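Q: structure, please.
(chains A and B)
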Amino acid sequence: MKNISTKVFKGATIYPVDGPKIEDGVMIVEGGKIKAIGSAKDVEIPAVEAPGGNGGEAVEVIDISGKVILPGFVDAHSHVGVWGDGEGSAGYDGNEMGNPIAAKVSALDATNPEQVSFAGAREGGITSLQIIPGSGNPVGGLAFACKTAGTIIDDMVIKNPTGLKGALGENPKRAYGQFFKKAPMTRMGTAGVIRDYFYQVKEYMAQKEAAEVKAAADADEKANDAQARAGETEANGNGGNGAASGPDYNPGLEAGALVMKGEIPFRVHAHRYDDIITAVRICEEFDIPFSIEHCTTGFKVAQFLGERGVFAHVGPGLFSRGKQELADADERNPALLDAAGVKVCLITDHPFLDSRYLLPYAAVAHKHGMPLDRVLRALTLNPAESLGIDDRVGSLAPGKDADFVIMSGEPFTYTSVILSTHIEGEEVYTRPTI
Amino acid sequence: MLAIVNGKVMPVSGEPIEGGAILIRDGKIAAVGKDLKIPSEARVIDADGRPVTPGIIEAHVHIGLGEAGIGWAGADVNESSDPVTAYARAIDGLNPLDTAFDEFRAAGITCANVVPGSGNIIGGTGLAIKCQGTIVDDMVVKNPTGMKAALGENPKGSYGRRNKLPSTRMGSAAVMRETLFKAREYLKKKEKAEGEDDVSKLPKHDKNLEALLPVLRGEIPLHIHCHRADDITTAVRLCREFEVPFVLEHVTEANHIIDLLKGADTHLAIGPTMHYGSKVENRERDFRTPVEVARAGIPFCLITDHPVLHGKYLTMSAGLAVTWGMDYDLALRSVTLSAAEHVGIADRVGSLEVGKDADIVIWSGDPLDYITFADYTIIDGEVAYQREVE
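A: Next comes the predicted model:
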């Protein structure tokens, strides 16, 4: 049996996203990675081993003339696998409610790879996504990035964690103010809870640091003492009490420390533009990296956000204005934000837009004025950069993961459909015939 | 008088007419054809080759009842105080100033059947309206169009949570059966009293049973919410028992029971297919259902259930159905004439035919493509929306 180790896709129009569109393109996939990509005249197709050969390495050449290859989509804000899609309450694990600071929880611990929503994501062309806790808590827990195919979530992880969820606006104040009858009951309360949390994080970090400094100093002292009393027996045990004097381990504050150190962003749910401004105010106060989740009426302050080069995870698309904070939603939002320099990532917020329909949402953004190349970027490279996984995914380039979709024709018209989705060279979705 | 000329006229009831024209007089379609004589006094809109279709019709929405961008204050979809609220009338809760109407018109939607929600076994009457106006009574095309009923998760969830009947599917069917039985008895007593011309024999007025009389008399159908195949089967069983007319709403798993539905003398409103799997009963939502129902020849329309899926994405749903194998003409019909048939208003709307209401849309391109704009939306012969081109 031949061991197909190399696949060559030829004849397609390729949008690599980090470079110009390639007509009559060739993409060579080997070992789950992109080995080479370019136009037919620039990329040499390796020889296909004759059938009946020695059974060793072989090359499969797949002619997909007339088709279009895009990078696999990266959905920067999704609840795939944690929201009980089609399962009711038994499968719902989106918000750990009860304490408005739920920083110690991680979406990784609740994600079910066999949830039907993962299949939906693959059908929708999504190959990577950030799974993030819900917006019921002002601080909701840790998010992570993973591929959309697999059985054991840990094997699917690209990066963990990728952010700490925060929330402003109606959701937390409704959950606590109306349901639990406790703080936060207002937008002021929610901001207060978040500020208080980050002060605690700073205090915790300072105590830890002081304890470490003291421990180091004690160790030095002890070393000096030991030198001085060379030969004498240590009577008081070792290590002194330096490390023990630090704060008790607090996983919720540890999560915040990652944000405070700039290692992961605070990802703040904010629909109404004034909530967005509040998010920016708080994050700039603490000098922490952040992204704006939803950014629904961000177009009203597009320049403010653009000047800051903010990553905005915009969506879910195709939704109804079910809450007051969505009242001024406008389908031109992605186009207006993009034009102002905001780094737009189009998100499904699955299940709020079913992952299968990310492409129609992107088409609607295009319909309302976002140029095709910008929309493609908002589906791929922008979110990959926002999640810090662009070294592996988000564009089609040599060395990157072979995550891509094959479409029947040019995006964005409804007659162009996703024929197949590929992750690390494996075909993980094939469009069925009804 | 208004004339649309030089359009790709797609009447839905007949073959497309390239370079076609439509003449509108007194809010009605006066002529449709290729070489129409346009009176000099007519205002002329040059379609410039663009597609011209009947206005899009939403056969099952909650616009004006579940208002956009408001939350609780604007939520009037379910009168959840009792599992039987047949007396409730959507017309009394409908706010024509719901901002979603602006978006409907901008999406080419001219007519909507607004129905109560599915929290109750019998939820009240729905009505068909035009998507233009400020006084709902002036917008009515037909009222009532049907009596909303529901099976499956919603009613048993709503009442079961409160430890009230119904808390199971058995309970839901029992409540519906008992209610229809009482209504039939009530009708018999009324007919007997009227036959004998003896008001003393009239039954005591009952607001729910009174409201159900048009259903028992066969004048309006039950509009039954049912997703799962077994709930659909229960709906058919109940309606056959009482010999009442019925149409079926959502029918997510209809493709499992095609033969039953072929022989059921009913009409299906399928959707919202693009909605997320919020419940176990809509887990299988998929374009497989409308495509297979269409192939089986069962009459159907597509619905958004706005605001569950925003109404403006109805044509997108129809377009996606085409990509999964639905015949294009049938898909366009499913959001126009078939929707009108589902609601019982096809005598007035749903196709471009002489004598029908002049509800017409001129599109920037293929009406089922999600990148297409409605350039003009005309309701009763008046331009209700015109796109500003930047």
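Q: could you list the domains of the chain?
A: Using chain A. When chain A is parsed with automatic domain parsing, its domains come out as A:3-66, A:73-194+A:251-394.
Q: was after chain B, sorry
A: B:1-55+B:351-390, B:56-349.
Q: of all these, which one is nearest chain A?
A: domain B:56-349 (2.7 Å; Cβ to the nearest Cβ). The C-beta positions use only the backbone N, C-alpha and C, and glycine is treated the same way.
Q: what's the closest non-adjacent residue to whichever residue of the stretch 201-350 of chain A sits closest to chain B?
A: In the stretch 201-350 of chain A, the residue that lies nearest chain B is residue A:327 (2.7 Å; Cβ to the nearest Cβ). Closest residue to residue A:327 apart from its sequence neighbours, by Cβ to Cβ, 6 or more residues apart in numbering or on different chains: residue B:69 at 2.7 Å.
Q: that neighbour against residue A:326, yeah?
A: Yes: if you go by Cβ atoms under 8 Å, residue B:69 and residue A:326 touch, sitting 5.8 Å apart.
Q: more neighbours: which of those two?
A: residue A:326 (21 against 18; other Cβ atoms under 10 Å in any protein chain shown).
Q: pLDDT below threshold where in the stretch 51-200 of chain B?
A: Within the stretch 51-200 of chain B, not a single segment meets pLDDT under 70.
Q: which bits of it sit near chain A?
A: B:66, B:68-71, B:99-100, B:153 (Cβ under 8 Å from any Cβ of the partner chain).
Q: from those, list just the buried residues.
A: Buried members of these, scored by 16 or more other Cβ atoms under 10 Å in any protein chain shown, are B:66, B:68-71, B:100, B:153.
Q: how about the helices in the stretch 251-400 of chain A?
A: Using DSSP state H, counting those that start in this stretch, the helices assigned to the stretch 251-400 of chain A run over residues A:251-260, A:273-286, A:302-307, A:333-339, A:358-367, A:372-379, A:381-387.
Q: got a list of what the residue nearest to residue A:327 touches?
A: A:321, A:323-324, A:326-329, B:99 (Cβ atoms under 8 Å, 6 or more residues apart in numbering or on different chains).
Q: those: which two are farthest apart?
A: A:323 and B:99 (13.5 Å; Cβ to Cβ).
Q: so what's residue B:192 closest to, chain neighbours aside?
A: Closest to residue B:192 by Cβ to Cβ, 6+ apart is residue B:201, at 6.4 Å.
Q: does chain B have contacts with the longest helix belonging to chain A?
A: Using DSSP state H to define each element, chain A has its longest helix at helix A:187-228. No: on the criterion Cβ under 8 Å from any Cβ, helix A:187-228 is out of touch with chain B, staying 14.8 Å away.
Q: ok, the residue nearest the centre of chain B - contacts?
A: Nearest to the mean C-alpha position of chain B, counting by Cα atoms, centre = their mean, stands residue B:59 at 1.4 Å. By Cβ under 8 Å, 6+ apart, the residues touching residue B:59 are B:113, B:269, B:301, B:303, B:339-340, B:342-343.
Q: which stretch of helix or strand covers it?
A: Using DSSP states H and E, residue B:59 sits within strand B:56-61.
Q: how distant is that strand from the center of its chain?
A: 4 Å (Cα atoms, centre = their mean, to the nearest Å).
Q: how close does the residue most central in space within chain A sit to chain B?
A: Taking Cα atoms, centre = their mean as the criterion, residue A:130 is the residue nearest the geometric centre of chain A, at 3.0 Å. Taking Cβ to the nearest Cβ, to the nearest Å as the measure, residue A:130 falls 18 Å from chain B.
Q: how about the one residue in the stretch 51-200 of chain A that gets nearest to chain B, secondary structure?
A: With Cβ to the nearest Cβ as the measure, residue A:86 is the residue of the stretch 51-200 of chain A nearest to chain B, at 3.0 Å. Per DSSP: H, G, I helix; E, B strand; the rest coil, the secondary structure class of residue A:86 is coil.
Q: okay, residue A:234: pLDDT?
A: pLDDT, residue A:234: 48.
Q: same check, this time on residue A:51
A: pLDDT at residue A:51 comes out at 55.
Q: need the contact list for residue A:144.
A: By Cβ under 8 Å, 6+ apart, the contact list for residue A:144 reads A:106-108, A:130-131, A:157, A:159-162.
Q: that one - nearest residue in space that isn't next to it in sequence?
A: Closest to residue A:144 by Cβ to Cβ, 6+ apart is residue A:160, at 3.8 Å.
Q: a strand runs through the one you found, doesn't it?
A: Yes: counting by three-state DSSP, residue A:160 is part of a strand.
Q: is it true that it touches residue A:108?
A: Yes: with contacts counted by Cβ under 8 Å, residue A:160 reaches residue A:108, the gap being 5.8 Å.
Q: any weak-confidence spans in chain A?
A: A:1-3, A:49-57, A:230-244.
Q: near chain B, which residues of it are found?
A: So far as Cβ under 8 Å from any Cβ goes, chain A lies against chain B at A:85-88, A:116-117, A:170, A:318-324, A:326-329, A:350-354, A:356-357, A:360, A:363-364, A:366-367, A:369, A:412-415, A:417, A:433-434.
Q: kindly recompute the last result at 7 Å.
A: Listed as neighbours of chain B in chain A under the rule Cβ under 7 Å from any Cβ of the partner chain: A:85-88, A:116, A:318-324, A:326-327, A:351-352, A:354, A:357, A:360, A:363-364, A:366-367, A:412-415, A:417, A:434.
Q: select only the buried ones of those in PyMOL?
A: The buried subset of the residues of chain A next to chain B, as determined by 16+ other Cβ under 10 Å, is captured in PyMOL by this line:
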select buried, chain A and resi 85+86+87+88+116+318+319+320+321+322+323+324+326+327+351+352+354+357+360+363+364+366+367+412+413+414+434
